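Visitor: model this:
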Amino acid sequence: MHKRTIAALIATATLALSILPLRAETVGEVGVDWMGNDILIDAVRDPKIKGITCHVTYFDRGVLDRLQKGNWFEDPSNNAIACRQTGPLSIGDIDLSEEGEEVFKSGLSLVWKKLVVTRIYDKKNDTLIYLAHSRELTEGSAKMSISTVPLYGEEVTWEKGKPQ
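Guide: As a prediction, this is how the structure comes out:
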């Protein structure tokens with residue numbers, strides 16, 4: 001292969017990996033009943049903002065609960081989120097639209113339901129908003145949770161300059 005072709009393949013692979021939402025690291029697991037149901041706590045780092053960590057909780061149904069209630073392939077949409085500054089803040093090329101962008105996505109069912117964390121920048125209040133919610137193929141869920149990280153008064157490095 002030519003050097004240009006190899007460089008193009010590496011650049012494409014790097015770009016593809018950089019736009020994928022991050023994976024979480026499970027940092028806690030709390031058993032809630034004798035049916036094997038647990039609450040899992042995952043640490044999620046924002047892939048485009050260094051120094052922000054979100055802790056997301058979600059319900060993980062046990063085998064006994066699945067046997068008793070059926071619906072083998074789905075966990076409830078209940079979740080909570082808390083995001084904090086955990087290091088020096090450096091903000092990359094983030095989506096500044098009102099829709100924001102996905103930071104994390106994880107399956108809550110075999111195919112149809114996902115737990116999603118979306119980041120939105122509130123420019124007027126200089127605050128990052130993290131929204132945890134479920135996304136379903138056929139019907140949405142009203143269950144959601146938000147966390148905010150104010151940037152006011154913090155030393156923040158904007159790679160492309162602070163939005164005006």
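Visitor: buried ones in stretch 115-129?
Guide: 115-121, 128-129 (16 or more other C-beta atoms under 10 Å). Where you see a C-beta, it was placed from the backbone N, CA and C, and this is true even at glycine.
Visitor: how many other residues sit next to residue 153?
Guide: 7 (other C-beta atoms under 10 Å).
Visitor: how about it, what does it touch?
Guide: For residue 153, no contacting residues are found, by C-beta atoms under 8 Å, 6 or more residues apart in numbering.
Visitor: pretty sure it is in a strand, no?
Guide: No. Residue state for residue 153 (DSSP: H, G, I helix; E, B strand; the rest coil) corresponds to coil; a strand is not indicated.
Visitor: any stretches of this protein with poor pLDDT?
Guide: 1-23, 36, 61-77, 106-113, 135-142 (pLDDT under 70).
Visitor: tell me where it has strands.
Guide: Remark: strands assigned in the chain by DSSP state E are 25-31, 38-45, 49-60, 79-91, 101-107, 113-122, 127-136, 144-150, 156-158.
Visitor: could these go into a markdown table alongside distance to residue 164?
Guide: Output for the strands of the chain, formatted as a markdown table (distance: least, C-beta to C-beta, whole Å):
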| stretch | distance to residue 164 |
| --- | --- |
| strand 25-31 | 36 |
| strand 38-45 | 27 |
| strand 49-60 | 19 |
| strand 79-91 | 14 |
| strand 101-107 | 20 |
| strand 113-122 | 13 |
| strand 127-136 | 16 |
| strand 144-150 | 19 |
| strand 156-158 | 11 |
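Visitor: on that earlier part again, ok, of the buried residues of stretch 115-129, which one's closest to residue 155?
Guide: residue 128 (14.9 Å; C-beta to C-beta).
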